[in-house]
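Trainee: My questions concern the predicted model and sequence given below.
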Amino acid sequence: MTKLAPSLLSADFANLQRDMEQAKENGCEWLHYDVMDGMFVPNISMGIPVLKSIRKATDLTLDVHLMVERPIRYVEQFVKAGADWLTVHVEADTEENTLAALDQIHALGCKAAVSLKPKTPAEAVKPFLKKCDMILVMTVEPGFGGQKFMEDMMPKLRTLRKMLDAENPGCILEVDGGIDANTFRVCRENGAEVFVAGSAYFGAPDKAAFVRTLQGE
């Protein structure tokens, strides 16, 4: 499994439907949707009403990444708004609430994931491993697009892949941050299977070729 998930945070907000249709035409199956609350991360981005509109406009898989404090408060709303995958951060709440959030995501018929900031060690996912369908490793500090890829996250990826192989081999690894036609290779070599790309995809002169590079090799 190798998939590209273009990050809608880098799309043209005045032409979101056009950009989503083009992503499908270019061979993408997923779209990545970042939610920021201005508290867990300093930026503020899209929320529930926009997700509802996007769900009506595309049949692509919507990979929703909650970068918000106490995400358990919003799980039901985001799933009902159209998320196919819902990711919460291990740093955003207590272990008890994060476990409850993962259970709620599954109960609502959605795939569940947890994410790790760059400074959070791989071992932080241990309490959640068997409840996750995916682990998202941030390869930049969350909150802003266009940051430089952090190659020093690769040991974390390798460690997580080993942990998953031992305890939950069906769980997939996703990376987000600074992913382009070069950095995706080192991520793939270290166990990643889903690649979130924002500016590299939407800024590519030939988007279809970029998708083929990441999904076709």
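Mentor: That came through fine.
Trainee: Apart from its neighbours in sequence, what residue is nearest residue 115?
Mentor: residue 136 (3.8 Å; CB to CB, 6 or more residues apart in numbering). The C-beta positions use only the backbone N, C-alpha and C, and glycine is treated the same way.
Trainee: So in terms of bridging, what pairs with the one you found?
Mentor: Counting by DSSP bridges, residue 136 is bridged to residue 115, residue 174.
Trainee: what's near enough to touch it?
Mentor: By CB atoms under 8 Å, 6 or more residues apart in numbering, the residues touching residue 136 are 65, 87, 113, 114, 115, 116, 174, 175, 176.
Trainee: Mind doing that once more with 6 Å?
Mentor: If you count contacts by CB atoms under 6 Å, 6 or more residues apart in numbering, residue 136 has them with 87, 113, 115, 174.
Trainee: what's the spacing between it and residue 117?
Mentor: According to CB to CB, to the nearest Å, residue 136 and residue 117 sit 10 Å apart.
Trainee: Find the helix or strand that the residue nearest to the spatial centre of the chain is a member of.
Mentor: Note on the chain: the residue nearest the mean C-alpha position is residue 65, at 5.3 Å, using CA atoms, centre = their mean. If you go by DSSP states H and E, residue 65 is part of strand 61-67.
Trainee: helices and strands around that strand, which ones?
Mentor: If you count contacts as 3 or more CB pairs under 6 Å, 6 or more residues apart in numbering; DSSP states H and E, strand 61-67 packs onto strand 30-36, strand 85-89.
Trainee: which outside residues touch stretch 175-182?
Mentor: 137-140, 147-149, 187, 192, 195-197, 200, 213.
Trainee: a strand runs through residue 113, doesn't it?
Mentor: Yes - assigned with DSSP: H, G, I helix; E, B strand; the rest coil, residue 113 falls within a strand.
Trainee: in stretch 189-206, what's buried?
Mentor: 190-202, 204 (16 or more other CB atoms under 10 Å).
Trainee: before we move on, what about stretch 62-80?
Mentor: Those would be 62-68, 70-72, 74-75, 78-79, for stretch 62-80 by 16+ other CB under 10 Å.
Trainee: Name the nearest of those relative to residue 25.
Mentor: Nearest to residue 25, judged by CB to CB, of the buried residues of stretch 62-80 is residue 62 at 17.4 Å.
Trainee: Might you report the residue contacts of residue 214?
Mentor: With CB under 6 Å, 6+ apart, residue 214 has these contacts: 4, 184, 195.
Trainee: Go ahead and confirm residue 20 touches residue 58.
Mentor: Yes - contact criterion CB atoms under 6 Å: residue 20 and residue 58 qualify, at 4.6 Å.
Trainee: ok, back up a step: so what are the sheet partners of the strand holding residue 65 and their directions?
Mentor: Checking strand 61-67 against DSSP bridges gives partners strand 30-36 (parallel), strand 85-89 (parallel).
Trainee: Serialize those strands to JSON lines and add fields for mean neighbour count.
Mentor: Output for the strands paired with strand 61-67, formatted as JSON lines (neighbours: other CB atoms under 10 Å):
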{"stretch": "strand 30-36", "mean neighbour count": "24"}
{"stretch": "strand 85-89", "mean neighbour count": "27"}
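Trainee: I appreciate the help and will end here.
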